[in-house]
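*Asks:* My questions are about this predicted structure, shown below with the sequence.
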Amino acid sequence: MARYTGPSTRIARKFGEPIFGGDKYFEKRNVPPGQHGLAAKRKKSKEYGNQLKEKQKVKYMYGVLERQFHNTYTKACRLSGQKGENLILLLESRLDNVVYRLGIAPTRAAARQLVSHRHITLNGNVCNIPSAQVKPGDVIAVRERSKSLEVIQAAVASTTKYSWLEFDAKELTGKFLNVPVRAEVPENINEQLIVDLYSK
């Protein structure tokens, strides 16, 4: 399956939470998509179904495909510590996610596009790889010729601050101070379900 480009609210309704951020359409119609709507909730969900649903939710949330997600999980297993936490922290360290967290883009999809279209620099060099891993001390900035882009200016106006990031709104430059601990990541994810799924 290729990357999903359809309506994001439909996916958010499928999982019952606004996984792509604030969504006024989700708030208006917070029921599962499809003809039967709330009737679909009456079906009993099984253990495997819950685990698969959680994995799919995280994939949509961070905008990664199956092979990328599996490779990230494999990498998380090689690190010391809990696999689930390592997985989330690796996803949080992706360049497109860091651009989104800094407030340079309104959504992760927009952040991915900014990176792909060469509007972002990593340590002074243009980087167009959204999955590039950002390390503590790395500096992420908007290219000089891209600073006037309307989408960037609008996003910066409503920036949320995170303890593991440092951002200069005037220069449009941010620094990745450290890898966050799991408790600092605000996303509603039960990573243990994903670990259980891959452990089968």
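*Replies:* Sure thing, it's come through.

*Asks:* what stretches of the chain score poorly on pLDDT?
*Replies:* Residues of the chain meeting the criterion pLDDT under 70: 1-2, 25-45.

*Asks:* If we go by neighbour counts, what in the longest helix seen in it is buried?
*Replies:* Longest helix in the chain by number of residues (criterion: DSSP state H): helix 47-62. Under the neighbour-count criterion of 16 or more other Cβ atoms under 10 Å, helix 47-62 has Gln51, Lys53, Glu54, Lys55, Gln56, Lys57, Val58, Lys59, Tyr60, Met61, Tyr62 buried. Quick note: C-beta positions are derived from backbone N, CA and C, even for glycine.

*Asks:* Would you reformat the residues you listed as CSV and include distance to Asn178?
*Replies:* Converted to CSV, the buried residues of helix 47-62 look like this (distance: Cβ to Cβ, whole Å):
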residue, distance to Asn178
Gln51, 30
Lys53, 31
Glu54, 27
Lys55, 27
Gln56, 30
Lys57, 26
Val58, 22
Lys59, 26
Tyr60, 27
Met61, 22
Tyr62, 20
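
*Asks:* Determine which two of the residues you listed are furthest apart.
*Replies:* Every pair in the buried residues of helix 47-62 was compared (Cβ to Cβ); the two farthest apart turn out to be Gln51 and Tyr62, at 17.4 Å.
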